[in-house]
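S.K.: need coordinates for the following:
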Amino acid sequence: MDFSVYFFSANDRYDFGERYRFVLDVARFMDERGFTAIWTPERHFQEFGGSFPNPAVLSAALAVTTRNLRIRAGSVVLPHHHPVRVAEEWSLVDQLSGGRAGVCVATGWHQGDFVFYPEHYETRREHTLRHISTLRALWRGETVPFAGPGGRELEVRTYPRPAQAELPLWLVHTSNPQTWDDAGRLGLNVLSLLTSWEKLGEDIARYRAAREEAGHDPRTGIVTIGMHTYVGEDEDRVWDTVRGPVKNYLASFMTQQRADDQVSGSSRGTDPAEQDGLAELMAEDYYRRRSLLGTPDKCAATVERLRSTGVDEIACLVDFGLPFETVLAALPALDALRHRFAPPEAEPASAGPMTWYYDRR
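M.R.: Numbers count the residues shown, from 1 in each chain. All right, here's what the predicted structure looks like:
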């Protein structure tokens, strides 16, 4: 089982300089300890997650800060970008990292984000899937035609050329089960949160079948599952530590849904009191059933279940609102959990003690 780390919020109680120092500190730790990858998202127009407007920019910094970690977008919202820009930016990250770049593409979630190319909103899914082949062709160095001024067609070949011959690509799954079939058919990897243990097994089976039907090796293709992560020795203390941040994390999505409802003129959504109660119930469910929150043995049992279900990689969501000092102090316990599932040959040489660069200036 591979372990990676996924950033989402970089706690909005800190100023932006502190947030980025924290991300780089975590990256250094993961890089020295044998973790697989680091993921940074694309988020717009909200304080929670607002540290990440363009994953390519932060990934360029991560590329030159690390030596071993795969540097991945989790994800690029393809309808917000011209595919040429995606190819150019991530080719640069690939060069800076020596061939460690990877990209998860997404269709987009929030209507308010579609100030970028608003005409793409209604066809965002079709647009994303159609431009997978465009992105791959540009990455390979092929010349691709695009519409230019005056209705003329322009032939484009992008630079810089990347270090990798092929771009590792994921498709993000949120709620549409068709995503698993589309990813398998297109030969993509999948990045998803865990919504249901029962459905996860069925979805992975469909994904493997779709790969085989499309002529791809069904044994290949990476299924990555994102999980809220905080490992501690005492169950009660862990719950006391993560309860508020997990609840606030979940409530932020409900708030964003209400904002989308206002944009669309819909009256859907819950009032604040109902939202608070629902977030509390969901936080308890996340803790009990759908996270790496708890003691090492509790978390190890979850990892074993994921592995037996067919998951290849866990993307550990470590920054869902916890204080930075709390996250940093818990990283050795997460590394110990990772070590329990790493083959001996995959372990790096002893990294020695880590120096934390993070400060509260």
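S.K.: C-alpha only now, for contacts and for neighbours.
M.R.: OK.
S.K.: poorly predicted segments of the stretch 1-150 of the chain, please.
M.R.: Counting by pLDDT under 70, not a single residue of the stretch 1-150 of the chain qualifies.
S.K.: tell me which stretches of it form helices.
M.R.: 16-33, 55-65, 83-97, 124-140 (DSSP state H, counting those that start in this stretch).
S.K.: out of those, deepest packed?
M.R.: Ranked by mean neighbour count, the helices of the stretch 1-150 of the chain are led by helix 83-97 with a mean of 22 (mean count of other C-alpha atoms under 10 Å).
S.K.: show me what that one is packed up against.
M.R.: When contacts are defined as 3 or more C-alpha pairs under 8 Å, 6 or more residues apart in numbering; DSSP states H and E, helix 83-97 packs onto helix 55-65, strand 101-106, helix 124-140.
S.K.: circling back to that earlier point, can I get the helices of the stretch 1-150 of the chain in JSON lines including distance to V115?
M.R.: Listed next are these as JSON lines, based on distance: least, C-alpha to C-alpha, whole Å:
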{"stretch": "helix 16-33", "distance to V115": "24"}
{"stretch": "helix 55-65", "distance to V115": "18"}
{"stretch": "helix 83-97", "distance to V115": "17"}
{"stretch": "helix 124-140", "distance to V115": "13"}
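S.K.: to W109, which of these lies closest?
M.R.: Closest approach to W109 among the helices of the stretch 1-150 of the chain is made by helix 124-140 (9.4 Å; C-alpha to C-alpha).
S.K.: contacts for the closest one?
M.R.: 78-79, 83-84, 86-87, 91, 105-108, 120, 143-144, 157-158, 161-162, 165-167 (C-alpha atoms under 8 Å, 6 or more residues apart in numbering).
S.K.: before we move on, the earlier item: can you tell which of the helices of the stretch 1-150 of the chain is closest to A251?
M.R.: Of the helices of the stretch 1-150 of the chain, nearest to A251 by C-alpha to C-alpha is helix 16-33, at 21.3 Å.
S.K.: and that closest one with helix 55-65, angle?
M.R.: Comparing the axes of helix 16-33 and helix 55-65 via axes from the mean of the first three to the mean of the last three C-alpha atoms, to 10 degrees yields an angle of 50 degrees.
S.K.: now helix 16-33, how far from the chain's geometric center?
M.R.: Centroid separation between helix 16-33 and its chain, computed with C-alpha atoms, centre = their mean, to the nearest Å, is 16 Å.
S.K.: coming back round to it: which among the contacts of helix 124-140 count as buried?
M.R.: The neighbour count (16 or more other C-alpha atoms under 10 Å) marks 78-79, 83-84, 86-87, 91, 105-108, 120, 144, 157-158, 161-162, 167 as buried among the contacts of helix 124-140.
S.K.: next, count neighbours for the residue lying closest to I71 once chain neighbours are set aside.
M.R.: The shortest distance from I71 to any non-neighbouring residue, by C-alpha to C-alpha, 6 or more residues apart in numbering, is to A101 (4.8 Å). For A101, the neighbour count with other C-alpha atoms under 10 Å is 30.
S.K.: residue contacts, A101?
M.R.: By C-alpha under 8 Å, 6+ apart, the contact set of A101 is R70, I71, R72, W90, V93, D94, L167, P168.
S.K.: tell me how many other residues surround G99.
M.R.: G99, neighbours per other C-alpha under 10 Å, totals 20.
S.K.: equivalent analysis for E325, please.
M.R.: 12.
S.K.: which elements pack onto the strand or helix carrying it?
M.R.: In the assignment (DSSP states H and E), E325 maps to helix 324-340. Counting contacts by 3+ C-alpha pairs under 8 Å, 6+ apart, helix 324-340 packs against helix 16-33, strand 223-231, helix 296-309.
S.K.: which strands or helices does the first one pack on?
M.R.: Using 3+ C-alpha pairs under 8 Å, 6+ apart as the contact criterion, the neighbours of helix 16-33 among helices and strands are helix 55-65, helix 324-340.
S.K.: okay, now the unreliable bits of the stretch 201-350 of the chain?
M.R.: Applying pLDDT under 70 to the stretch 201-350 of the chain flags residues 253-273, 275, 345-350.
S.K.: let's see that with 80 instead.
M.R.: Within the stretch 201-350 of the chain, the stretches with pLDDT under 80 are 249, 251-277, 279, 343-350.
S.K.: dig out what C316 forms beta bridges with.
M.R.: Legend: beta-bridge partners of C316 under DSSP bridges are V5, M227.
S.K.: okay, now it: neighbour count?
M.R.: 22.
S.K.: from now on call the first residue 267
M.R.: Yep, numbering from 267; the last one is C582 now.
S.K.: ok, back up a step: how about the helices and strands packed on helix 590-606 in TSV, adding distance to A276?
M.R.: Listed next are these as TSV, based on distance: least, C-alpha to C-alpha, whole Å:
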stretch	distance to A276
helix 282-299	5
strand 489-497	14
helix 562-575	23
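S.K.: find the centremost residue of the protein, please.
M.R.: G340 (3.2 Å; C-alpha atoms, centre = their mean).
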